[in-house]
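Colleague: whatever this is, show me its structure:
(chains A and B)
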Amino acid sequence: MAQEAESKDIDQYHYSKNLDNAVQYLSFALGKEEYGVDILRVQEIRSWEPVSRIPNVPYYEKGVVNLRGSIVPILDLRERFNLSKAEYTPLTVVVVLQTGDSNKTRIMGVVVDSVSDVISVDKTEIQSAPDFGAKVSNEFINGLVSVNERMVMLLDVDKLLKLEELDQDESQ
Amino acid sequence: MSIDMSQFHQVFFEECFEGLEAMESGLLTLDMGDIDSEIINTIFRGAHSIKGGSGTFGFTVVADYTHIMETLLDEMRDGRRQVTQPAVDVLLGSVDCLREMLTAIQNEQDVNNASVAKHKSALEVVLNGGTVTEELSPPVEQEAVVSEELAVNVVPDIVEEESIELGEQGWKIAFCPYLDLLKTGNDPVRLFRELNELGDLTTTANIQDVPGFYELDPEECNISWDLKVVGDISGDEIREIFNWVEGDCEMEIQPLAKAVKSTPVVKKADPEPAAVITPSNPAPKPVEVKPKVATETKKSDSQDADNDATKNTAKASSIRVDTDKIDTLINMVGEVVITQSMLGLVGENFSMDKVGQLKRGLAQLERHTRDLQQSVMNIRMLPISFVFSRFPRLVHDISSKLDKKIALKLVGENTEVDKAVVELINDPLVHLIRNSLDHGIEMPADRVAAGKPETGTIELKAYHRGGHIVIEIIDDGRGLDKDKLLAKAIEKGLIEENNLLTEKQIFELIFMPGFSTAEQLTDISGRGVGMDVVRRNIQSLGGNIEIISELGKGTTIAIHLPLTLAILDGQSVAVGDETYIVPLVSIIESINITERMLNKVAGKGETFRLRNEYLPVIRMRRIFNVHSGNPTKSKEGVLVVVEGQGELCCLLVDELLGQQQVVIKSLEANYRRVEGVSGATILGDGSVALILDVPGLVRFSIR
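Modeller: Below is the predicted model of the structure:
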């Protein structure tokens, strides 16, 4: 009985949180760091499978895979963030994300070490990311939030998956 | 319910646009001398079904508008009205206007009331050329719709109508020509002389607008006239006289008696419309607006035509398919289902003695799948006339703008081509045809001087050749001047002075950005930005473009395009661990070679000697940075001789794997364009292979 009441409390807690502009994030790990992406942008989570390499693109764009008939590019987030490289194991996970502006949506996969949790975050609890200077790029980070004493960096999916600038670089 | 309706809307719009196209082509084929009633019927049917449909769906603006067109067409059909060129032009304008309206409604935008009103009143002007009773009632309508502020109330109009009946005895005409009336070759004196023959003519000239002697331009007509003709004359007779100057003047024609009788009315109407021209004229505005409108329509006509090209890209996202094609498809699917169930049966209690049966079944399945694929592809095929049908209008409009006489000949309109190609080829074609019209075909006088028929011909031809569709634009104009092209290119610094270029290379110069030989810019072409875009567009479709030209005889521009953008025959090749697909159409041959057979050029480039010709070699390993696989193997490999953009070159790959049809998937949908790669496909094992873009590779390797 007591347990039930407790879980009910928790439910209510979550519920009330949901009411005041709470957002859910999928959190995942890259090395010792924890990141989160808006869960509404996550299409699916897959295990790593070999990709077809694309010639002459940045090193962190690993290649493309066949996702039920569409060609989907795979980015390695570790390499994107200049973290140390990890071996791909059968446990390595690809999070398939949707991004898009008004006229077009794209699907892309990002390689992460492991998926941890779905977290509910109150918008008001999100801190803006401090400026680390030029050394660490925080352009993809929307904000920081602490969950159970751990810091989770919330990523801006659109910025993360934007390739336009690269297109321009290439054509120049 | 709303969803249902919008579904019907889509169909309705498609039908309307089809109807409009039919009307347009009908109007263009109308031969003034010899009217084919069947054509008029077709046009009428188009208008009628648009009217019916739009009425049903509650698009009253469209329905009202079409009603007027229909009335006019109906009279033409019954022979009650002469089919004249101005009338046809106005109808063509109305077709454009209707198209605009429908597009606006389709995109849920507001209809451009002003332009609708303009066309509507232009239509009414034509309509009013008919019987007198009709003459005055439409203007009321026109006023109500056209310029809301001209709230001419009903009472004055009734007075007007009454007055006509009374005032058959004479006419009062306010004739105010535009400044350039004389330049158009019209002489008011001649008009007056003709009027005088109809009845007793009194003229009063208003010379208050005539400037001082020193500002006077003798070629400008600064005088306006008030004319009075007394006699039993019909309005038509008078209008007929002024027919020629209709676009070059403001004028109003009203019965004499009425002018006297309706003075009180005029006073009422006067303060509101004030916007219009001669305040000295004591007249209600409706009639006065008309001739002016007619000129405006003409102007906007050509603009409309200009816009046509850009507008059309937003074309139907669905296609109409022959029921035959669908029936075949259904048959095919039936076969596949049967084969599938047969295979299922074999698999149920499988034993080794059933292997033969299994193999047969699989073979059958393969055949059916291929057929199925083909018939599905077939559904996407549309006759090229979808594109071609717009060009008669374009040529008609532009040639009259340029004062050239040009006949357009369409050949092979029924050649079928993939829908995607149809949609994307339109803009480049419009551009090329405009070029031919503007630069290619000479002015009639020059043509006669050159011993050619006065009327120039542009032939638009489509046919299949191999796995390609070829579209040719052939004009019998002045052709490309090689020396001039060269000089221009050197002047613009596009090529070095001492370069030796082949004829073909010289012609290709016109595709370079910033190249234009037109001495003078026109609004049709000559800015030198177009041709490189045309070529890029065509290349992005996987095609190429070539020019054959003879000075003084004409130019032929041939566009080669793949039949479909969805499937291609490919040769898979291995480079290291990677598999790439080379489009079969671009492969000339493949040769087994060893390293020693390659010749180094300046230590960097490599060439291969193929039958006395040195061809550049592109090492796929190097250009795509492939490091996997056994490097020693690259000591020998396979040279795939390919043609890209008319140039031969060799791709060095590790080995050839096999030929297969591949379904082209876009890399750009989720990713982006990759240099040297035109797309991707999915291989039998589910992995992705890149399709090589041969011309792109050649370009890429040069850099």
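Colleague: spit out the contact partners of residue B:242.
Modeller: Residues near residue B:242 by CB atoms under 8 Å, 6 or more residues apart in numbering or on different chains: B:173, B:175, B:191, B:249, B:251, B:253. To be clear about C-beta, it is placed using only N, CA and C from the backbone, and glycine gets the same treatment.
Colleague: what residues are up against residue 72?
Modeller: Let's take chain A. Taking CB under 8 Å, 6+ apart, we find residue A:72 in contact with A:64, A:65, A:66, A:96, A:107, A:108, A:109, B:670, B:671.
Colleague: think we crossed wires, I meant chain B
Modeller: B:81, B:87, B:91, B:123, B:126, B:127.
Colleague: burial check on the first one, number of neighbours?
Modeller: Spelled out, that is residue B:81. Per other CB atoms under 10 Å in any protein chain shown, the neighbour tally for residue B:81 reads 19.
Colleague: leaving out sequence neighbours, find the closest residue to it.
Modeller: Excluding its sequence neighbours, the residue lying closest to residue B:81 (CB to CB, 6 or more residues apart in numbering or on different chains) is residue B:75, at 4.0 Å.
Colleague: how about the second one?
Modeller: In space, and not counting its chain neighbours, residue B:87 is closest to residue B:126: 4.9 Å by CB to CB, 6+ apart.
Colleague: so that neighbour: helix, strand or coil?
Modeller: Residue B:126 falls in the helix class when you classify it by DSSP: H, G, I helix; E, B strand; the rest coil.
Colleague: over to residue B:667?
Modeller: Secondary structure for residue B:667, judged by three-state DSSP, is coil.
Colleague: let me see the backbone angles for it.
Modeller: phi -80, psi -30 (degrees, to the nearest 10).
Colleague: what is the burial count for the nearest residue to it once chain neighbours are set aside?
Modeller: Spatially, and ignoring its direct neighbours in sequence, residue B:667 is nearest to residue B:680 (5.2 Å; CB to CB, 6+ apart). Around residue B:680 there are 25 other residues, counting by other CB under 10 Å.
Colleague: quick one: contacts for residue B:680?
Modeller: Here residue B:680 is in contact with A:52, A:64, A:71, B:664, B:665, B:666, B:667, B:688, B:689, B:690, B:691 (criterion: CB under 8 Å, 6+ apart).
Colleague: can you list those in TSV and add secondary structure?
Modeller: Listed next are the contacts of residue B:680 as TSV, based on three-state DSSP:
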residue	secondary structure
A:52	strand
A:64	strand
A:71	strand
B:664	coil
B:665	strand
B:666	coil
B:667	coil
B:688	strand
B:689	strand
B:690	strand
B:691	strand
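Colleague: quick one: buried ones out of those?
Modeller: Among these, those classed as buried by 16 or more other CB atoms under 10 Å in any protein chain shown are A:52, A:64, A:71, B:664, B:665, B:667, B:688, B:689, B:690, B:691.
Colleague: quick one, what contacts the last one?
Modeller: Residue B:691 makes contacts with B:568, B:570, B:580-583, B:662, B:664, B:677-681, as judged by CB under 8 Å, 6+ apart.
Colleague: among the residues you listed, name the ones in strands.
Modeller: By the criterion of DSSP state E, membership of the contacts of residue B:691 in strands covers B:568, B:570, B:580, B:581, B:582, B:583, B:662, B:677, B:678, B:679, B:680, B:681.
Colleague: closest to chain A among those residues?
Modeller: For those, the residue nearest chain A by CB to the nearest CB is residue B:680; the value is 4.8 Å.
Colleague: name the residues linked to that closest one by a beta bridge.
Modeller: As for beta bridges, residue B:680 partners with residue B:665, residue B:690 under DSSP bridges.
Colleague: what's the closest of the contacts of residue B:242 to residue B:476?
Modeller: The closest of these to residue B:476 turns out to be residue B:249 (CB to CB; 39.4 Å).
Colleague: pLDDT score for the residue nearest to the closest one when sequence neighbours are not counted?
Modeller: Sequence neighbours aside, residue B:177 is the residue nearest to residue B:249 in space, at 4.1 Å (criterion: CB to CB, 6+ apart). The model reports residue B:177 with a pLDDT of 76.
Colleague: residues contacting residue B:177?
Modeller: B:186, B:188, B:221, B:223, B:224, B:245, B:248, B:249.
Colleague: quick one: it from residue B:642, how far?
Modeller: 67 Å (CB to CB, to the nearest Å).
Colleague: could you do residue B:358 as well?
Modeller: As judged by CB to CB, residue B:358 and residue B:642 stand 39 Å apart.
Colleague: and the spatially most central residue of chain A, its phi and psi?
Modeller: What sits nearest the mean C-alpha location of chain A, by CA atoms, centre = their mean, is residue A:37, with 4.0 Å. When read as degrees, to the nearest 10, the backbone of residue A:37 gives phi -130, psi 150.
Colleague: returning to that earlier point: and the buried ones among the contacts of residue B:680, which is closest to residue A:45?
Modeller: residue A:64 (18.2 Å).
Colleague: save the contacts of residue B:177 as CSV, and put in pLDDT, secondary structure and neighbour count too.
Modeller: Formatted as CSV, the contacts of residue B:177 follow (pLDDT from 0 to 100; DSSP: H, G, I helix; E, B strand; the rest coil; neighbours: other CB atoms under 10 Å in any protein chain shown):
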residue, pLDDT, secondary structure, neighbour count
B:186, 73, coil, 18
B:188, 76, helix, 20
B:221, 75, coil, 23
B:223, 78, coil, 16
B:224, 78, strand, 24
B:245, 74, helix, 19
B:248, 72, helix, 21
B:249, 73, strand, 22
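Colleague: and which of these is nearest residue B:601?
Modeller: Using CB to CB, those come closest to residue B:601 at residue B:248, 69.5 Å.
Colleague: isn't the closest one right next to residue B:181, touching?
Modeller: Yes: using CB atoms under 8 Å, residue B:248 is in contact with residue B:181, at 4.7 Å.
Colleague: state the distance from residue B:217 to chain A.
Modeller: Distance, residue B:217 to chain A, by CB to the nearest CB, to the nearest Å: 54 Å.
Colleague: show me the contacts for the closest residue to chain B within chain A.
Modeller: Residue of chain A nearest chain B, by CB to the nearest CB: residue A:55 (3.5 Å). Shown in contact with residue A:55 (CB under 8 Å, 6+ apart): B:623, B:624, B:625, B:626, B:674, B:675, B:676, B:677, B:690.
Colleague: part of a strand, is the fourth one?
Modeller: No: Residue B:626 sits outside any strand when classified using three-state DSSP, being coil.
Colleague: what's the nearest residue to it if we skip its chain neighbours?
Modeller: Excluding the flanking residues, the one nearest residue B:626 by CB to CB, 6+ apart is residue B:576, at 4.0 Å.
Colleague: which phi and psi values does the one you found adopt?
Modeller: Reported as degrees, to the nearest 10, the phi and psi values for residue B:576 are phi 60, psi -130.
Colleague: quick one, grab the pLDDT at it.
Modeller: pLDDT, residue B:576: 82.
Colleague: isn't it up against residue B:621?
Modeller: Yes: Residue B:576 is within contact range of residue B:621, at 6.5 Å (criterion: CB under 8 Å).
Colleague: what is in contact with these two at once?
Modeller: When contacts are counted by CB under 8 Å, 6+ apart, the set common to residue B:576 and residue B:621 consists of B:627, B:654.
Colleague: so where's the stretch 601-703 of chain B shaky on pLDDT?
Modeller: Within the stretch 601-703 of chain B, the set of residues satisfying pLDDT under 70 comprises B:603-604, B:628-635, B:645-646, B:702-703.
Colleague: how about the closest residue to chain A within chain B: what's its closest non-neighbour residue?
Modeller: In chain B, the residue that lies nearest chain A is residue B:624 (3.5 Å; CB to the nearest CB). With CB to CB, 6+ apart as the criterion, residue B:624 has its nearest non-adjacent residue at 3.5 Å, and that residue is residue A:55.
Colleague: residue A:65 now?
Modeller: Closest residue to residue A:65 apart from its sequence neighbours, by CB to CB, 6+ apart: residue A:51 at 5.2 Å.
Colleague: residue B:654 now?
Modeller: Nearest one to residue B:654, counting by CB to CB, 6+ apart, is residue B:574 at 4.8 Å.
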